[in-house]
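Enquirer: Got a sequence here, can you model it:
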Amino acid sequence: MAIFTTLSRTSPKTRTRNRTIVGVSLSVLIHVLLFFVLRPSLQKIEPQARSSNEPLEVTFVQTPSKPAVKQPEPPQQAKPVKRPTPQPRQIARAKPSSSAPRRQALPLSNSPTAITQAPPEMDMSTMLNAARERRRSSEDSAARENAAARAAEQGPSANEIAQANIDFQARKASGPSNGMFEIVSKGPRISQYLFYGWTRDARNKSRRTITVDAGLNGDMDKAIVDSMIAIIRQNVTGDFTFDSQRLGRVVTLSARVQDNAGLQAFLLREFFG
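Expert: A predicted model of the protein is given here:
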């Protein structure tokens, strides 16, 4: 009884040390057993030797890039149209100047004459008729000019000379003749004027309406004056007096053929300025 009691009363420190020794011993024993059991398996595993001189091959695989998602464009707003700002009208005022006004020469235009376009409503038949009319007028004018030229070359016939002598004797017997011209209408090609003729005998009066055709693109003023000169020479062949409304006095003119240029120029200034 005494021994049992002595053994049961061992100190706690001794008991802890005994337990530690037992635990360490068991752990070492277990590791030794495992080493002997697993040793054959560890000897079979032989690591493959890798040459230190063999180059290392590395392959890079590029991952496909994701397609960029296109962002929808915002709808464009219509830009407002800018209206031009109305400019105030400027009224030009004449600058007073004490000096006499200068005449400025108009610049000469080198541009060719514009061709008149036919109106769109004019059809082909109308254009053909107009061209035919122009051609007929040109032919008529050329025919009259040719006839006048042939008459001038041939001279007056015997009957014309006899009739002129009779008229001259009749005018001489009736005394000096007088006359007055009055232009009643004037167009680009056709014009009319009146000739009032009389002698000392009040009963011997005449009033004639003369129609003048200047022809295609003819000089209308010159055609009227030439017709008046022809009537004057039917009544007088030398000097005659003319009451000039432009000059305000009576002047002496010549109806002779050699003075035709001077008479023509005077009548052009008298009637047409």
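
Enquirer: check contacts around residue 213.
Expert: Residues near residue 213 by C-beta atoms under 8 Å, 6 or more residues apart in numbering: 189, 190, 223. In this view, the C-beta of every residue, glycine as well, is placed from N, C-alpha and C.

Enquirer: same thing but 7 Å
Expert: 189, 190 (C-beta atoms under 7 Å, 6 or more residues apart in numbering).

Enquirer: now swap in the one 10 residues further on and tell me
Expert: The neighbourhood of residue 223, defined by C-beta under 7 Å, 6+ apart, consists of 212, 214.

Enquirer: so where's the chain shaky on pLDDT?
Expert: Low-confidence segments of the chain, defined by pLDDT under 70: 1-11, 42-122, 148-177, 198-204.

Enquirer: now the strands: where do they sit in the stretch 101-250 of the chain?
Expert: All strands of the stretch 101-250 of the chain, identified by DSSP state E, counting those that start in this stretch, fall at 178-186, 190-198, 205-213, 239-244, 249-254.

Enquirer: hey, which of these is tucked in deepest?
Expert: Of all the strands of the stretch 101-250 of the chain, strand 190-198 carries the top mean neighbour count, a mean of 16, counting by mean count of other C-beta atoms under 10 Å.

Enquirer: ok, residues contacting that strand?
Expert: Contacts to strand 190-198, defined as C-beta under 7 Å, 6+ apart, come from residues 177-185, 204-213, 220, 224, 231.

Enquirer: quick revisit: and of the strands of the stretch 101-250 of the chain, who's closest to residue 136?
Expert: Smallest distance to residue 136 across the strands of the stretch 101-250 of the chain (C-beta to C-beta): 13.5 Å, for strand 205-213.

Enquirer: so what strands line up beside that closest one?
Expert: strand 190-198 (antiparallel) (DSSP bridges).

Enquirer: Next, the angle strand 178-186 makes with the partner strand.
Expert: Calculated by axes from the mean of the first three to the mean of the last three C-alpha atoms, to 10 degrees, strand 190-198 forms an angle of 160 degrees with strand 178-186.

Enquirer: closest to residue 40 out of the strands of the stretch 101-250 of the chain?
Expert: Nearest of those (C-beta to C-beta): strand 190-198, 147.8 Å.

Enquirer: CA atoms only for the closest one, dumped as PDB, please.
Expert: Provided in PDB are the C-alpha atoms of strand 190-198 (Å, rounded to 0.1, in the frame of the first residue of the first chain):
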ATOM      1  CA  ILE A 190     -41.300 103.500-145.300                       C
ATOM      2  CA  SER A 191     -42.000 107.300-144.800                       C
ATOM      3  CA  GLN A 192     -44.400 109.800-146.200                       C
ATOM      4  CA  TYR A 193     -44.400 113.600-146.600                       C
ATOM      5  CA  LEU A 194     -46.600 116.200-148.200                       C
ATOM      6  CA  PHE A 195     -45.600 118.600-150.900                       C
ATOM      7  CA  TYR A 196     -47.700 121.800-151.300                       C
ATOM      8  CA  GLY A 197     -46.900 123.500-154.700                       C
ATOM      9  CA  TRP A 198     -48.400 126.700-156.100                       C
END
